[in-house]
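Peer 1: I would like to see how this sequence folds:
(chains A, B, C, D, E and F)
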Protein chains: 6
Amino acid sequence: MSYDLVTFGETMLRLSPAGQERLERAGELEFRAAGAESNVAVNAGRLGLDTLWTSKLPDSALGRKVTNTLRSQGAGVDVAWSETGRQGTYYLEQAGRPRGTNVVYDREGAAVTTATPADLPLDEVADADAFYTSGITPALSATLEETTADVLAHAQDHDTTTVFDVNYRSKLWSHAEARDVLEALFPDVDVLVVAERDAWEVLGVERDAAGIAQTLADEWDFETVVVTRGEEGALAYESGDAVTQSAFETDTHDPIGTGDAFVGGYLAERLDGGSLADALAYGAATAALKRTIPGDVALVTPAEVESVLAESGGEISR
Amino acid sequence: MSYDLVTFGETMLRLSPAGQERLERAGELEFRAAGAESNVAVNAGRLGLDTLWTSKLPDSALGRKVTNTLRSQGAGVDVAWSETGRQGTYYLEQAGRPRGTNVVYDREGAAVTTATPADLPLDEVADADAFYTSGITPALSATLEETTADVLAHAQDHDTTTVFDVNYRSKLWSHAEARDVLEALFPDVDVLVVAERDAWEVLGVERDAAGIAQTLADEWDFETVVVTRGEEGALAYESGDAVTQSAFETDTHDPIGTGDAFVGGYLAERLDGGSLADALAYGAATAALKRTIPGDVALVTPAEVESVLAESGGEISR
Amino acid sequence: MSYDLVTFGETMLRLSPAGQERLERAGELEFRAAGAESNVAVNAGRLGLDTLWTSKLPDSALGRKVTNTLRSQGAGVDVAWSETGRQGTYYLEQAGRPRGTNVVYDREGAAVTTATPADLPLDEVADADAFYTSGITPALSATLEETTADVLAHAQDHDTTTVFDVNYRSKLWSHAEARDVLEALFPDVDVLVVAERDAWEVLGVERDAAGIAQTLADEWDFETVVVTRGEEGALAYESGDAVTQSAFETDTHDPIGTGDAFVGGYLAERLDGGSLADALAYGAATAALKRTIPGDVALVTPAEVESVLAESGGEISR
Amino acid sequence: MSYDLVTFGETMLRLSPAGQERLERAGELEFRAAGAESNVAVNAGRLGLDTLWTSKLPDSALGRKVTNTLRSQGAGVDVAWSETGRQGTYYLEQAGRPRGTNVVYDREGAAVTTATPADLPLDEVADADAFYTSGITPALSATLEETTADVLAHAQDHDTTTVFDVNYRSKLWSHAEARDVLEALFPDVDVLVVAERDAWEVLGVERDAAGIAQTLADEWDFETVVVTRGEEGALAYESGDAVTQSAFETDTHDPIGTGDAFVGGYLAERLDGGSLADALAYGAATAALKRTIPGDVALVTPAEVESVLAESGGEISR
Amino acid sequence: MSYDLVTFGETMLRLSPAGQERLERAGELEFRAAGAESNVAVNAGRLGLDTLWTSKLPDSALGRKVTNTLRSQGAGVDVAWSETGRQGTYYLEQAGRPRGTNVVYDREGAAVTTATPADLPLDEVADADAFYTSGITPALSATLEETTADVLAHAQDHDTTTVFDVNYRSKLWSHAEARDVLEALFPDVDVLVVAERDAWEVLGVERDAAGIAQTLADEWDFETVVVTRGEEGALAYESGDAVTQSAFETDTHDPIGTGDAFVGGYLAERLDGGSLADALAYGAATAALKRTIPGDVALVTPAEVESVLAESGGEISR
Amino acid sequence: MSYDLVTFGETMLRLSPAGQERLERAGELEFRAAGAESNVAVNAGRLGLDTLWTSKLPDSALGRKVTNTLRSQGAGVDVAWSETGRQGTYYLEQAGRPRGTNVVYDREGAAVTTATPADLPLDEVADADAFYTSGITPALSATLEETTADVLAHAQDHDTTTVFDVNYRSKLWSHAEARDVLEALFPDVDVLVVAERDAWEVLGVERDAAGIAQTLADEWDFETVVVTRGEEGALAYESGDAVTQSAFETDTHDPIGTGDAFVGGYLAERLDGGSLADALAYGAATAALKRTIPGDVALVTPAEVESVLAESGGEISR
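Peer 2: Residues are numbered from 1 along each chain as shown, chains lettered A, B, ... in the order given. Coordinates of the predicted model:
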């Protein structure tokens, strides 16, 4: 069997107090697992693709917590089990204004930071329709910067479509560092996903969404550029044409992972043969549903996405 | 002792994840008991009436969970204990837009579906001031369709006021099926409660609330018709006169059971001798309070309802 | 890929109060998924085999709760999704003496009761090294009685070793009913697992463990007979030789699923080429570990089983 | 309707940390309601009697928590609602040796301490077969000392059998104070229940159980004396004859309320016409079951008690 | 070491159901400790002051729960441990409109109501920069009325700035009672904090905020008057000049303790040498943060307050 | 103020599933803070000493969780807040035989591993009566090995009694590594605490407890040697005399931290002037109580320890 989508990146354990309690007073923490690349594998996997998440994990109960969680949620898993290196974690405090949600990363020294191409199922990458990773991965270590480049190139060599989400994280690197590394990867990227603000601040493209997409596509010869704009929706650009999609109304319960839900939905539809416009809509509907669900992934069904697209959600169904 | 109000119907166990968690990932479920007719008995019982809920339950810990819950909340209970048949359950996932709250029924083969008049305390029905059931009951089985008809007729024969809430459930039957069955029952109904949308879609009365009430009252010779309109409030029609009531503002925490809270409050005031207008207001206030309370019933006191009517709710009282 | 072990049977949702609370008072319930045949697939899958559980489930959030759980715990899953039929559940109250642990089944009308061979991945059965089911499966419906017979025969036809655990459940059928059905299946069984008490009461073999094994092997031409004796350990008989194994000491936290842990451990070692004695020991160690773990499965690692065999468990490791 | 058993006394709210956590660190507390006299009403009510608990409670959510709980568990409730006085509470820390379980009472000023006969349903006492209270009640206030005497006398005047459990609590009064008050009540008591240790330390009868029973029966002309001896069982004495009963083996989960479970079981059987020996056995079985159940009452069924008497408890029933 | 701020008052245990559950149905309660004067000590202590809360507590696990909690949150504690008197508690039900949040006090007979100056660390009061108490303290008992007066006078004698928050509680006393007592204390108060509504209803100053401040300052010769106006912000008046501060936008999660957060923030900045305007802003930012945090105190850091002042809160920081 | 006891070492966050659940399946974790040296500071602090725990922590919500917890439990805290370095954590799975309790350390790179004497309050060490650390501290990093030596020497120079617990952890270093480091520290140690097994395996003293104590005291000129023997009790040796103490019977709920409870109790009594025998008894009683309490510390009162010594524990006190 070959996969529709293979993703590569770090998945961390997420420890968070219930409700809006503070870490320093909490007596118990929710215990989940999440990471941008596995989120995308899960989200797309639930919506019809055969997906595989690949990474490197410590051979411990903590590493197994990660794989158990991902398999449970619908992604395939192929990891290198390591005797050294930690399991990355992060602590999350959710809050509204003016406190805001806060993340305390505790991911230094994670096993994945030593992952080389030899740790990864390169055959699966080569056989897959598409390969996805994000800017978080090369930000984690020099080794991962190199590995990301190698795997993207390997995918390109085997005609696997490469999808890359800029996903800038200010707690990992500076704008300038990110720009240097990312631009070195762009020649091997087919589809670029970038938040409008990241395009402005990291890539230095100070235009509107359509301008961002066109500028980047022209400069780096991307096949497709998708610009996400939060509550303003998204825009996709391909072969000189741009399509836009507004965001669906949503009663937000947990905003974490909205972007990954969008990408998962987009890829599920696009790799299934949908049009650029349909893929954007599918992504937007998945992102809206995500915000009603606790945790980092869009634990939804295709029927639920289609119900949003058909505008029939929001009432009690009984 | 004779009861002010006797109700008859199915009460199910309600299993629901905390917050907005999904059933497929939840590791524990809240465990409550609820049903339209017992909700009304509880709601009216808390607000001053002597109420009795009658039904048929399996003789098991699950059946006892139901009776324990109802007695705790303030309703009398008189059930036939059955050696056969299941305890009906339903699974509830609460969510905002665009996911929406979803109910998964697991109520087939419930003991109550075999309930005949012989299982019920007909003397209590005959002695009561009023008898209440809803359209859910005859929808559950052919036996219950017949039993509902028999008990309504029995009540009529003994001058017990019969109150019937259309309460259409699309997961139980079609519009056409419902209409046929309900119209066969209407001749034995004194007071009809119907949601505006059910009047349109099920009963085919495509008019505004006042028109619905008048049309139905004229056609079926109802003593009273109450039309509920959700956030638009309610209207009651009696002897050619209509009174209306707007809904009270509410910060909704759990919308399930709002309609039953309205009916419970309405009946508590009306059977206590209140005017049609006062009963509507009492119902609307009870419904507004319900939405601040988790679970299916309005666990309130008369003083709290009166406080809403006096517009003094909503601040911290200390 | 062909599987080492394919299993077939019903997996139910398990709803249980925390600690020793009673169902009729509990306000929340633990929500797990379990069944003898999936337990064995999980237990053996964690200990090194490639295992697949097959069944029929309702296409709902409840059915997905089952598959999510099993995949998370390490078994492969291949199910027919059904539009009709319920998801079987059971309610569990745990208690010590003299109350005792009590199970309330709510499994009538489950989707699996309509499963025919056409619903099952017969190719996987044919390709597997071994196929496992238990006496619970044919007890659930006439259809399943027939399907069990057909699939055992199919396995036999393709040289897949058939393993059958008598697993008598008094709440499902009588001794006499069970005996008739089971004896009709025995000609297609290679390896029989039977509890000593079931041999006495259901199969009518009133001898000691060695006698039971020899009698049954002779009568039905079983390749192997394994007799389990609870705290007394187990005995295996093959080609005229019997080996015995005592139980490991354990501080019991949750006894449910001990037998399935034993079978899972036994098969993991036996199908991996271990001797009859090693397989018995592996099964006993897995069973002892299971009793320290909440829920129905032995959520353990091969290293933990080996640690028990090396008698080094029971202290704080830090 | 006349009740089989009416009881009178204080019911407190019980606040306790989960497991063996300490109050000073606990972030949440279990919230139950319990008291000796309502425990007996619940326990006997579940085992077949029509029982009524009477008392005085503050008219607040806390008072309603008490009545809701008792009705839920199967006792009738008739209370005077008071605008003054607190709701008594107690904090409970459970622990094994050497810490031991500890109770922190917070019951001063409870509404019940002002209860006079005028607050109580004296007609129900007069019509009942039996009336029960314990030594805790007169210990709570001078008013209650007087009320207890008056109600016992009232019961005697109307041929209601009076049952009194010494139930000495060292945190409420001294041995000498208790003896004076109790002995003033004894002339109006028909059935005395006393723990062996209380007979020794409070009543000053330093003999074995049979001697205690005979001495007290002779001195105070009790119809029946029941001496409880914890793990040593119990002895009942009537008309010069003594019968003894050993305790059933039990895996203790929560020992609180064992004595009340014994009395509830004893009275359920005795008032139903059972022999003294059968009543002792019924009480002992109920007490053994209680110890497997969290909280203060024996949330059991007659079938479970009978199963203990038939010695069939303790295994998994499925 | 001398403290920047010493506070004196009652701290109660707070028992509240999760979410919006009702007390009469809740099976467990959150267990916290809170009181206006300890809230202020905690809030100011977290924001940089050395603070000490003084009071009188029962020598029990309940009293230790109070001191443990306060020390944990960052306040110093110096209490007289009492062998008599209760630990005050309150029960809290949170709800939105129209039910509203409700408090059931159970604080009668608390040990603190007998506190005399001899129970308090008067030296610490004399050495401190400021002393704070509120109108709740003298409302609790005649003894506390006298003690409050004595301690304020003692502070004045030693040049400790006295800060007093009117903090009117309608469940403790009437407007007239409060006014009499408070006005007797005002001569020893340097800084008065008063809610606009309390100024109108209790003190009878029916003017706008600036007018209230000026009127009170003129009449009682207060050094500073701070008028709080809820969502309208606050005003401070000193030496004839008034400064105003609007409230920061906040997504309210738990409004309890907002006023104490304001005072804590105000004092932290003011006693650290900040201007009147900066102190108001600091107080308003702390109050806004408080509303995002469960419980009665602002469990925040100076950096978080400064982030609000810099208007950078409200997004996910990662 | 000078402290009775200053301790130095790492305190980690402890993450553990409820009951005996497995980490890889747990959906929430208990969140506590614990470490040998802070445990001793807490335990001795609760029993009457003024104690101070010193260390280095990351300046984050995680570091504050540590200090909040320790202050709440009764220890003083003086830490260097670090901008670099992690907060050490450990994951704990509790289980009985044969699984055994398992600890997964995640403490590499903790801020404390860079602590130098300059980070510590050396004046407080110099002024204290006693200083305590354990073999865990020098095992954590080369820096800490040096710091431990320096601080012990500093304490010695200022006549502060130095107390050292061998506390061997096999997951941190080998027997040989430990022995080398520890023996280099011994010349600056006054009081040595060592488990019998560590004496055998790490220090190579293969004698009985009395022999161990005498051998070590003679070789290293310790003032006092305390040998702990688990359920066999303990032995103390001083000036040529040995006293022994058996362990108190205990119903173990959580064994973690028993040794630290023993040391805390021992030091509380010994530094308060108690005899060697009384200190041993005090330590043993504290250790027995600890085992009834969840978490790593003995959250007890002096009265509870004295109650154990007076052998009056273990019953319900009400």
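
Peer 1: please count neighbours and contacts with C-alpha atoms only from this point.
Peer 2: Noted.

Peer 1: so what's the gap between the helix or strand of chain A with the lowest mean pLDDT and the chain middle?
Peer 2: The helix or strand of chain A with the lowest confidence, counting by mean pLDDT, DSSP states H and E, is strand A:102-106 at a mean of 94. With Cα atoms, centre = their mean, to the nearest Å as the basis, strand A:102-106 stands 18 Å off its chain's centre.

Peer 1: equivalent analysis for stretch A:298-307, please.
Peer 2: Worked out by Cα atoms, centre = their mean, stretch A:298-307 lies 18 Å from the chain centre.

Peer 1: next one: stretch A:264-277
Peer 2: 15 Å.

Peer 1: over to stretch A:141-150?
Peer 2: Distance of stretch A:141-150 from the chain centroid (Cα atoms, centre = their mean) equals 18 Å.

Peer 1: please apply the same query to stretch A:85-99.
Peer 2: Remark: stretch A:85-99 is offset 17 Å from the chain centroid, using Cα atoms, centre = their mean.

Peer 1: and what of stretch A:291-305?
Peer 2: Centroid separation between stretch A:291-305 and its chain, computed with Cα atoms, centre = their mean, is 14 Å.

Peer 1: stretch A:156-168 too?
Peer 2: Worked out by Cα atoms, centre = their mean, stretch A:156-168 lies 12 Å from the chain centre.

Peer 1: how far does that stretch stretch from start to finish?
Peer 2: 23 Å (Cα to Cα, to the nearest Å).

Peer 1: still on that earlier bit, packing partners for the least confident helix or strand of chain A?
Peer 2: strand A:89-93 (3 or more Cα pairs under 8 Å, 6 or more residues apart in numbering or on different chains; DSSP states H and E).

Peer 1: so the closest residue to chain F within the stretch 201-318 of chain A: helix, strand or coil?
Peer 2: Closest to chain F within the stretch 201-318 of chain A is residue A:295: 11.5 Å, counting by Cα to the nearest Cα. Three-state assignment for residue A:295 (DSSP: H, G, I helix; E, B strand; the rest coil): coil.

Peer 1: quick one, phi/psi of it?
Peer 2: For residue A:295, the backbone dihedrals (degrees, to the nearest 10) come out as phi 100, psi -180.

Peer 1: hmm, it is touching residue A:254, no?
Peer 2: Yes - in this structure, residue A:295 is within contact of residue A:254 by Cα atoms under 8 Å, at 6.9 Å.

Peer 1: between the two, which is the more surrounded one?
Peer 2: residue A:295 (22 against 17; other Cα atoms under 10 Å in any protein chain shown).

Peer 1: in this structure residue A:153 contacts residue A:186, no?
Peer 2: No - in this structure, residue A:153 is not within contact of residue A:186 by Cα under 8 Å, at 10.4 Å.

Peer 1: now the next helix or strand after the least confident helix or strand of chain A: buried residues?
Peer 2: Heading C-terminal from strand A:102-106, the first helix or strand you meet, by DSSP states H and E, is helix A:122-127. Of the residues in helix A:122-127, A:122, A:124-127 count as buried by neighbour count, 16 or more other Cα atoms under 10 Å in any protein chain shown.

Peer 1: near chain C at all, helix A:122-127?
Peer 2: No - judged by Cα under 8 Å from any Cα of the partner chain, helix A:122-127 stays clear of chain C, getting no closer than 15.3 Å.

Peer 1: residue ranges with poor pLDDT in chain A?
Peer 2: Filtered on pLDDT under 70, chain A yields the residue ranges A:312-318.

Peer 1: for the stretch 1-150 of chain A, which segments count as strands?
Peer 2: Secondary structure of the stretch 1-150 of chain A (DSSP state E, counting those that start in this stretch): strands at A:5-8, A:12-16, A:28-34, A:51-58, A:76-82, A:89-93, A:102-106, A:130-134.

Peer 1: how about the ones you listed in a markdown table, adding mean neighbour count?
Peer 2: Formatted as a markdown table, the strands of the stretch 1-150 of chain A follow (neighbours: other Cα atoms under 10 Å in any protein chain shown):
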| stretch | mean neighbour count |
| --- | --- |
| strand A:5-8 | 28 |
| strand A:12-16 | 24 |
| strand A:28-34 | 22 |
| strand A:51-58 | 26 |
| strand A:76-82 | 19 |
| strand A:89-93 | 21 |
| strand A:102-106 | 18 |
| strand A:130-134 | 26 |
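
Peer 1: contact partners for residue A:250?
Peer 2: A:288-289, A:291-292, B:96-98 (Cα atoms under 8 Å, 6 or more residues apart in numbering or on different chains).

Peer 1: can you list the residues of chain A near chain E?
Peer 2: Within chain A, the residues that sit near chain E (Cα under 8 Å from any Cα) are A:20-22, A:95-105, A:169-171.

Peer 1: let's see it at 6 Å
Peer 2: A:96-103, A:171 (Cα under 6 Å from any Cα of the partner chain).

Peer 1: of those residues, grab the buried ones for ChimeraX.
Peer 2: Restricted to buried positions by 16+ other Cα under 10 Å, the ChimeraX selection for those reads:
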select /A:96,97,98,99,100,101,102,103
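
Peer 1: between the residues of chain A next to chain E, which is nearest chain B?
Peer 2: residue A:96 (16.9 Å).

Peer 1: how close does the residue nearest to that closest one when sequence neighbours are not counted get to chain B?
Peer 2: Closest residue to residue A:96 apart from its sequence neighbours, by Cα to Cα, 6 or more residues apart in numbering or on different chains: residue E:251 at 5.3 Å. Counting by Cα to the nearest Cα, to the nearest Å, the gap from residue E:251 to chain B is 14 Å.

Peer 1: neighbours of residue E:251, how many?
Peer 2: Residues near residue E:251, counting by other Cα under 10 Å: 17.

Peer 1: okay, and it sits in which element?
Peer 2: Going by DSSP H and E, residue E:251 is not in any helix or strand.

Peer 1: how much space is there between it and residue A:99?
Peer 2: Distance from residue E:251 to residue A:99, by Cα to Cα: 9 Å.

Peer 1: what do you get for residue A:113?
Peer 2: Computed as Cα to Cα, the residue A:113 to residue A:99 distance reads 32 Å.

Peer 1: also residue A:263?
Peer 2: Going from residue A:263 to residue A:99 by Cα to Cα gives 28 Å.

Peer 1: enumerate every residue touching residue A:95.
Peer 2: Neighbour list for residue A:95: A:20, A:101 [criterion: Cα atoms under 6 Å, 6 or more residues apart in numbering or on different chains].

Peer 1: rerun that using 7 Å as the cut-off
Peer 2: By Cα atoms under 7 Å, 6 or more residues apart in numbering or on different chains, residue A:95 lies in contact with A:20, A:101, E:292.

Peer 1: likewise residue A:164?
Peer 2: Contacts for residue A:164 were tallied using Cα under 7 Å, 6+ apart; they are A:132-134, A:189, A:191-193.

Peer 1: for residue A:237, helix, strand, or coil?
Peer 2: Classified using three-state DSSP, residue A:237 is strand.

Peer 1: that one against residue A:226, yeah?
Peer 2: Yes - in terms of Cα atoms under 7 Å, residue A:237 counts as a neighbour of residue A:226; the distance is 6.4 Å.

Peer 1: anything in contact with each of the two?
Peer 2: residue A:213.

Peer 1: okay, now the residue in chain A that chain D sits nearest to: neighbour count?
Peer 2: Of all residues in chain A, residue A:27 sits closest to chain D, at 7.5 Å by Cα to the nearest Cα. For residue A:27, the neighbour count with other Cα under 10 Å is 20.

Peer 1: same check, this time on residue A:249
Peer 2: 13.

Peer 1: so who does it touch?
Peer 2: Each residue near residue A:249 by Cα under 7 Å, 6+ apart is listed here: A:288, B:97-98.
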